[in-house]
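**Student:** When you get a sec, could you give me coordinates for this:
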Amino acid sequence: MRPILISLTLAAALGSAASPKTNPPAIHVQSPKTPPNEDVHAHLIQGRHRSVLAYAGPAHSFTFDIPYKSVKPSDVPGFVTIDKQIVQATLVPADKSLKSHLSGPEKEKELLTKYMNYELSYYKKKLKQNYSQLSTEWMTIHGRNFLVWYFNMPENYKLVSRQVYVSTIFDDQVVDLNAPVFKMDDWGKARTILVRLAGTMQTFDKHLDLSDLGTRLKK
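**Tutor:** Numbers count the residues shown, from 1 in each chain. The predicted structure is shown next:
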């Protein structure tokens, strides 16, 4: 499993993307027919009246409706800007030690907790970066369990002060909604946006045609 936590290099890139001068077009591409071997970002698909973040796997797909009018691609690949907040939706391949048959909410909570601890351990031990004030909370939205977790970034991060994650189980993998919080911004706003997105999650036991979805959203 590759770490999803933002590196110093990416944090610097996000600083330049906080107020982009140009907006690249949304990416409308067909997702690969094979399961991901590394982190995969959901695509932003913009329509006339609404926009979605969508991932289409070979047999399982998901979407998040974006309940905000202000949404646009970010200059940083894989990120979008929602109501001036940078957001990322990522499908993370589960570590082999975390894969097991899911059985009920308690098992899901166990897997999500192990996943979070794995990421934090990698961040601290492998990347030699210290976080502080980790907080966690559980939310059940429309019958789906979400782990909300957030922490303060190291003091030497000049741009980003906090990371906020909302994670859930999807097809024996993990879907992460993530928002880096810049030092001049309110982290509560980032949390609110992620939780609202989580409440719109839809899953499909099939491959979604993202090109067709984009066409329908433009009508």
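**Student:** The protein: helices as residue ranges?
**Tutor:** 8-17, 104-121, 187-198, 210-217 (DSSP state H).
**Student:** can you list those in JSON lines and add mean neighbour count and mean pLDDT?
**Tutor:** Every residue, glycine included, has its C-beta placed from N, CA and C. Output for those, formatted as JSON lines (neighbours: other C-beta atoms under 10 Å; pLDDT from 0 to 100):
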{"stretch": "helix 8-17", "mean neighbour count": "15", "mean pLDDT": "42"}
{"stretch": "helix 104-121", "mean neighbour count": "16", "mean pLDDT": "89"}
{"stretch": "helix 187-198", "mean neighbour count": "19", "mean pLDDT": "96"}
{"stretch": "helix 210-217", "mean neighbour count": "15", "mean pLDDT": "93"}
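**Student:** So which of these is nearest H60?
**Tutor:** helix 210-217 (13.9 Å; C-beta to C-beta).
**Student:** ok so, going back, quick one: which of the helices of the chain is nearest N152?
**Tutor:** Using C-beta to C-beta, the nearest of these to N152 is helix 187-198, at 9.3 Å.
**Student:** Which strands and helices lie in contact with the closest one?
**Tutor:** If you count contacts as 3 or more C-beta pairs under 8 Å, 6 or more residues apart in numbering; DSSP states H and E, helix 187-198 packs onto strand 61-66, strand 85-92, strand 132-141, strand 144-152, strand 160-170, strand 173-182.
**Student:** Between the ones you listed, which one is closest to H41.
**Tutor:** Here strand 85-92 is closest among the helices and strands packed on helix 187-198 (C-beta to C-beta), at 5.5 Å.
**Student:** still on that earlier bit, and of the helices and strands packed on helix 187-198, who's closest to D212?
**Tutor:** strand 61-66 (12.0 Å).
**Student:** Quick check: neighbours of that closest one in the sheet, parallel or antiparallel?
**Tutor:** strand 51-56 (antiparallel), strand 202-204 (antiparallel) (DSSP bridges).
**Student:** which residues of this protein score low on pLDDT?
**Tutor:** Under the criterion pLDDT under 70, the flagged ranges of the chain are 1-39, 94-103.
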